[in-house]
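**Q** okay, here's the prediction I keep looking at, along with the sequence it came from:
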Amino acid sequence: MISEEQLHTIDNHIHDWLKGLDELMPSLISDLKTDTKSSRFDLVTNVDETIEARFETFLKTHYPDHQLYGEEFHHQTDTLKTGHTWVIDPIDGTANLVKQLNDFCVILGYFIDGQPVLSYIYDYARQHIYKAVRGYGAFVNGEKIEPAVSKPLKDMIVSFNNKVMNDQTIHALLDQSFGYRLIGACGLDSIRVITGQFGAHIHTNAKPWDIGAQFLFAHELGLKMTNFKREGIDFTQGGPFIISNPGCYDEILDILNSDGGYQKV
Ligand code: NAP
Ligand code: CA
Ligand code: CA
């Protein structure tokens with residue numbers, strides 16, 4: 001582990017790095033270049049690639065013994081659970097960036113020997129930096145985020161991708177919740193849970209970089225974050241993911257797991 005002082009030094013340094021993106025973003029966005037990866041919906045832009053490359057340079061310069069695991073270029077997973085590891089999704093919500101110039105974010109998670117110690121989700125368009133610091137809680141632009149207040153599903157909004165579940169599961173979630181909204185960026189849908197606006201966000205196949213920050217927010221705020229078997233998620237693997245207010249968690253998992261499960265047949 002590291003000392004409190006080192007933790008705060010790194011926190012300040014990362015905060016400055018994220019704010020440094022403010023100078024870069026306008027020119028990257030005005031020169032937006034979009035490519036497709038595996039399908040016409042699987043987008044990557046110069047913004048995603050530049051931010052990840054920039055973070056790599058930052059680590060190499062200031063923290064050369066820290067490892068990087070990122071969506072675009074950094075896929076080595078052998079030693080991530082030992083020592084200092086950063087997980088980055090340089091742009092989460094790339095489709096939103098391309099189509100709406102809004103509702104995208106940078107996700108960063110810092111782990112020491114597999115334990116999350118610092119986490120950030122930067123909602124650039126709204127200029128909100130969300131962070132969690134192990135032992136100190138969670139903050140938005142320096143203001144403390146209150147721990148979760150338990151609420152039942154009938155009073156809460158749920159968010160999930162409606163392309164990936166069978167109709168019966170979708171209708172059960174709609175019927176038993178207050179309502180449905182989807183932002184379309186795992187980090188920002190999770191933020192709505194973190195701030196108490198949504199009851200839960202569900203992603204049936206999250207990649208490690210989609211959820212690298214959420215572990216610590218959940219830990220600090222008393223939210224549930226597990227797979228659909230109510231087990232912890234390996235931060236190097238990802239997989240089925242729910243982040244939830246504790247008051248709706250069991251109700252949602254009962255729905256996802258009932259009558260043969262949520263998957264399309
Ligand atoms: P989208 O707007 O492209 O993305 C919505 C969120 O899902 C973002 O956080 C995005 O991260 C992430 N995402 C994008 N592609 C993904 C993939 N292949 N697997 C897992 N996460 C992904 O979403 P969409 O247009 O609705 O769907 C695009 C594809 O992603 C589809 O194949 C969809 O089935 C899949 N997807 C699956 C789930 C799920 O719960 N299984 C959820 C969302 C999307 P980036 O912006 O960093 O790519
Ligand atoms: Ca993502
Ligand atoms: Ca991404």
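**A** Arrived safely, thanks for sending. Ligands and ions are numbered 1, 2, ... in the order given.
**Q** the residue of the stretch 51-200 of the chain found nearest ligand 2 pairs with what?
**A** Of all residues in the stretch 51-200 of the chain, the one sitting closest to ligand 2 is residue 92 (3.8 Å; Cβ to the ion). Every residue, glycine included, has its C-beta placed from N, CA and C. Beta-bridge pairing for residue 92 (DSSP bridges): residue 105.
**Q** how many neighbours does the closest residue to residue 46 other than its chain neighbours have?
**A** Nearest non-adjacent residue to residue 46, counting by Cβ to Cβ, 6 or more residues apart in numbering: residue 33, 4.6 Å away. By the measure other Cβ atoms under 10 Å, the count of residues near residue 33 is 10.
**Q** surely residue 33 and residue 43 touch.
**A** No. Applying Cβ atoms under 8 Å as the test, residue 33 and residue 43 come out as separate, 10.7 Å apart.
**Q** near ligand 1, which residues of this structure?
**A** 41-42, 89, 92-95, 161, 163-164, 184-186, 203-205, 207, 210 (Cβ under 6 Å from any ligand atom).
**Q** which among these end up buried?
**A** Neighbour-count burial (16 or more other Cβ atoms under 10 Å) applied to the residues of the chain next to ligand 1 gives 89, 92, 93, 94, 95, 184, 185, 186, 203, 204, 207, 210.
**Q** need the pLDDT of the fourth one.
**A** Which is residue 94. Reported pLDDT at residue 94 in the predicted model: 95.
**Q** mind listing what's buried along stretch 47-54?
**A** For stretch 47-54, a neighbour-count test (16+ other Cβ under 10 Å) marks 47, 48, 49, 50, 51, 52 as buried.
**Q** run the chain-centre distance for that stretch.
**A** What separates the centre of stretch 47-54 from the centre of its chain is 17 Å, taken as Cα atoms, centre = their mean, to the nearest Å.
**Q** quick check: residues of the stretch 101-250 of the chain near ligand 2?
**A** residue 210 (Cβ under 5 Å from the ion).
**Q** okay, now the unreliable bits of the stretch 101-250 of the chain?
**A** Residues of the stretch 101-250 of the chain meeting the criterion pLDDT under 70: none.
**Q** which residues in it form helices?
**A** Taking DSSP state H, counting those that start in this stretch, the helices of the stretch 101-250 of the chain run over residues 167-176, 186-194, 214-221, 246-257.
**Q** for residue 227, find the nearest of those helices.
**A** helix 246-257 (9.7 Å; Cβ to Cβ).
**Q** residues contacting whichever residue of the stretch 101-250 of the chain sits closest to ligand 3?
**A** Per Cβ to the ion, residue 209 is where the stretch 101-250 of the chain lies closest to ligand 3, at 6.6 Å. By Cβ atoms under 8 Å, 6 or more residues apart in numbering, the contact list for residue 209 reads 69, 70, 71, 87, 88, 89, 92, 107.
**Q** contact partners for the last one?
**A** For residue 107, the contact set (Cβ under 8 Å, 6+ apart) comprises 87, 88, 89, 92, 120, 121, 186, 187, 209, 210, 212, 213.
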